[in-house]
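Q: just the structure for this:
(one chain, ligands or ions: 1)
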Amino acid sequence: MKKDPFFEKMANLGLALTYDDVRLRSGYSETDPRDVLIESFFSKNIPLHCPIVSAPMDTVTESKMAIAMAKLGGLGIIHKGLTPEIQSNHVKKVKLHLNGLIEKPITVKADDIVGAIEERQQNKDYGFHSFPVVDEGGKLIGLISRNDFDLNNDKSLRARDIMTVLAELITAPVNTSLEEAYSILKQARKKILPLINDKTELTGLYVFSDVNRLLTDSSSLYNVDKSGHLRVGAAVGTGNAEIERASLLVRAGVDVLVIDTAHGDSKNVYETLKTLKQSHPKVDIVVGNVSEGESAKRLVDAGADGIKIGQGPGSICTTRIIAGIGCPQVTAVYNCAKAVRGSGVPVCADGGIKNSGDITIALGLGAHSVMLGRVLAGTTETPGEIRLTAQGRMKIYRGMGSLGAMQSSRTARERYRQGEDDIKKLVPEGIESVVSYQGDLANVLFKQIGGLRSGMGYVGAKTIAELQEKADFHRLSGAGMIESHPHDVTIIDSAQ
Ligand code: RVP
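A: Modelled structure (predicted):
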């Protein structure tokens, strides 16, 4: 590839580089940034419409972020600083958010008390208000919709008292397609379409708003699985408890598991990978993190479906300072991507991305996606409240190896192989910080993707594969970097 001689020269000089050390060379281009294709893969079987993945951190990705990420074509990885039950509930929320066909609708019985159904709806935080009513044998006997709840003042009534009975419902047969459901619902001016077999047993359900969303143009970007549900990933650690966590996540419908450790090239990671591949052969397993070519190759040989690169580049990470290890991220991504070239296993560049230009660089180096923490941490969709401070509106962003994260979560301690005996004796490898509030994720990603598209235009690459092929680099001096930023002016609009 075009960049290989550049990196050979750097290796001969004994130099390992990071983002601010390089820029992509521009080249002859017939590429309009608006026309570039940014489709990619996070792992062998998990495609992305946009090559951006949100980090499994307790101040970045829970269901709200994962839903927003998947709707923008990327992917969110739910963090593991939660109990397995709560983490899998987040996965379920993402999977239930956008339903093509709901294969196992949540149902109620005719005798259920209306107040209790509403309480369950609130406690479980269901994002829907319609419940099919079934008998003991699973036969559909009626439907309660939002209107039925809203128009009823007596919470002590039973489901049968407020439901619309089967004879008055519009239903459809088992194999009704998304398109057929759309036209039936539109014609009947109904919001819910239960599917029943010839014994009137409930076999599925369509909801008009979801069907409509899936069939309209704006949803062509959504990252959805074959049944039309948003895709979502989840982090797991190593060891027996984490194998159980993984099973729960798989049952909740997770699309990809990420073995999320600070040192992916470790015996316990290989053991966990082996067990997970055996017990969940249909679920992709991404493994990380590593930063050396041999480590990446070993993980691919061990069966990883995707690998994550980055030891120490994260904005909140102090591993390099505390432990003294790690390879600057540009060289790490290049070496790892090169070591697994041709294997069909996608590589994710994780950590250290500051600006959109770094995304173009990471993909040019050979990564298929980037994982972001800090860049997304200030958005509306991250967990945590907006804090009003003298510096403006802020949100908390902390490393999973920070003292706070390690004290509050066993899995965070395990990520850094600490705290088994005494959780008061911890050596943090990350810090806690605040970042300024950035508004909605869509606006932040729009800018990041705009920068990537522009960069691909300068390189003359229509696809990410072409970017990887054509990318070549300049080594920057300190003066070169100063020149790259605005200089010798007083900025009145930072355009950030
Ligand atoms: P950044 O985007 O630069 O903020 O980096 C995010 C990445 O940093 C995460 O995806 C993870 O790999 C890493 N991380 C998370 N916690 C810590 C730590 O406490 N050291 N590091």
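
Q: dump the residue contacts of the closest residue to G27 other than its chain neighbours.
A: Of all residues not flanking G27 in the chain, G460 sits nearest, at 4.8 Å (CB to CB, 6 or more residues apart in numbering). Yep, even glycine has a C-beta here, placed from its N, CA and C like the rest. The contact partners of G460, by CB atoms under 8 Å, 6 or more residues apart in numbering, come to 27-31, 466, 470.

Q: buried subset of those residues as a PyMOL selection?
A: Only the buried entries of the contacts of G460 go into this PyMOL selection, using 16 or more other CB atoms under 10 Å:
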select buried, resi 31+466+470
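
Q: how about the contacts of G460 in JSON lines, adding secondary structure and distance to the ligand?
A: Shown next, in JSON lines, are the contacts of G460 (DSSP: H, G, I helix; E, B strand; the rest coil; distance: CB to the nearest ligand atom, whole Å):
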{"residue": "G27", "secondary structure": "coil", "distance to the ligand": "28"}
{"residue": "Y28", "secondary structure": "coil", "distance to the ligand": "33"}
{"residue": "S29", "secondary structure": "coil", "distance to the ligand": "29"}
{"residue": "E30", "secondary structure": "coil", "distance to the ligand": "33"}
{"residue": "T31", "secondary structure": "coil", "distance to the ligand": "28"}
{"residue": "E466", "secondary structure": "helix", "distance to the ligand": "26"}
{"residue": "K470", "secondary structure": "helix", "distance to the ligand": "26"}
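
Q: which one of the contacts of G460 is nearest V330?
A: Taking CB to CB as the measure, V330 lies nearest K470 of the contacts of G460, at 16.9 Å.

Q: first to last residue in stretch 39-58, what's the distance?
A: End-to-end distance of stretch 39-58: 27 Å, with CA to CA, to the nearest Å as the criterion.

Q: and for stretch 228-246?
A: 23 Å.

Q: next: stretch 129-143.
A: Start-to-end span of stretch 129-143 (CA to CA) is 11 Å.

Q: residues making contact with that stretch?
A: With CB under 8 Å, 6+ apart, stretch 129-143 has contacts from 105-110, 117, 121, 144-146, 149, 159-160, 163-166, 169, 171, 191-192, 194, 196, 199-202, 205, 207.

Q: of those, just the buried ones, ChimeraX syntax please.
A: One line in ChimeraX is enough to select the buried members of the contacts of stretch 129-143, burial here meaning 16+ other CB under 10 Å:
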select :105,106,107,108,117,121,144,145,149,159,160,163,166,169,171,191,192,194,196,200,202,205,207
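
Q: excluding sequence neighbours, find me the nearest residue to E118.
A: Nearest to E118 is F149, by CB to CB, 6+ apart, at 6.4 Å.

Q: before we move on, what about G288?
A: Spatial nearest neighbour of G288, excluding adjacent residues (CB to CB, 6+ apart): K308 at 2.7 Å.

Q: helix/strand/coil for that neighbour?
A: Three-state call for K308 (DSSP: H, G, I helix; E, B strand; the rest coil): strand.

Q: what sits against it?
A: 258, 264, 286-290, 347-348, 350, 371.

Q: just to be sure, the residue nearest to E118 is in a strand?
A: No. Counting by three-state DSSP, F149 is located in no strand; its state is helix.

Q: what sits against it?
A: Residues in contact with F149 (CB under 8 Å, 6+ apart) are 114, 118, 129, 162.

Q: and the stretch 351-496 of the chain, which of its residues are near the ligand?
A: 351-353, 371-374, 399-402, 429-430 (CB under 6 Å from any ligand atom).

Q: hmm, 5 Å instead?
A: By CB under 5 Å from any ligand atom, the residues of the stretch 351-496 of the chain that approach the ligand are 351-352, 371-374, 399-401, 429-430.

Q: from the residues you listed, which two are the most distant?
A: Spatial extent of those (CB to CB) is set by the pair L372 and E429 at 19.3 Å.

Q: does G312 count as helix, strand or coil?
A: coil.

Q: didn't it look like it was pressed against D350?
A: No. Look at G312 against D350 with CB atoms under 8 Å: they stay out of range, at 10.8 Å.

Q: more crowded one of those two?
A: More crowded of G312 and D350, by other CB atoms under 10 Å: D350, with 31 against 24.

Q: if I look at that one, what pLDDT would I see?
A: Looking at D350, its pLDDT reads 98.

Q: cool, and the one 10 residues further on?
A: Model confidence at T360, expressed as pLDDT, equals 98.

Q: repeat that for R417.
A: On pLDDT, R417 comes in at 80.

Q: what ranges do the helices span in the stretch 1-150 of the chain?
A: 4-12, 63-71, 84-97, 114-123, 146-150 (DSSP state H, counting those that start in this stretch).

Q: just the helices in the stretch 301-450 of the chain please.
A: With helices called from DSSP H, counting those that start in this stretch, the stretch 301-450 of the chain shows them at 319-323, 329-339, 356-365, 374-377, 403-408, 410-415, 441-459.

Q: likewise the stretch 151-300 of the chain?
A: Using DSSP H, counting those that start in this stretch, the helices of the stretch 151-300 of the chain run over 159-162, 178-188, 208-215, 240-251, 267-279, 293-301.

Q: quick check: mean pLDDT of the longest one?
A: Helix 267-279 carries an average pLDDT of 98.

Q: mind checking which of the contacts of stretch 129-143 are in strands?
A: With DSSP state E as the criterion, strands contain 108-109, 144, 164-165, 192, 194, 196, 202, 205, 207 from among the contacts of stretch 129-143.

Q: near the ligand, from those?
A: Among the ones in strands among the contacts of stretch 129-143, the ligand is touched by none when using CB under 5 Å from any ligand atom.

Q: of all the residues you listed, which two lie farthest apart?
A: Every pair of the ones in strands among the contacts of stretch 129-143 checked by CB to CB; the farthest is K109 and V207, at 21.1 Å.
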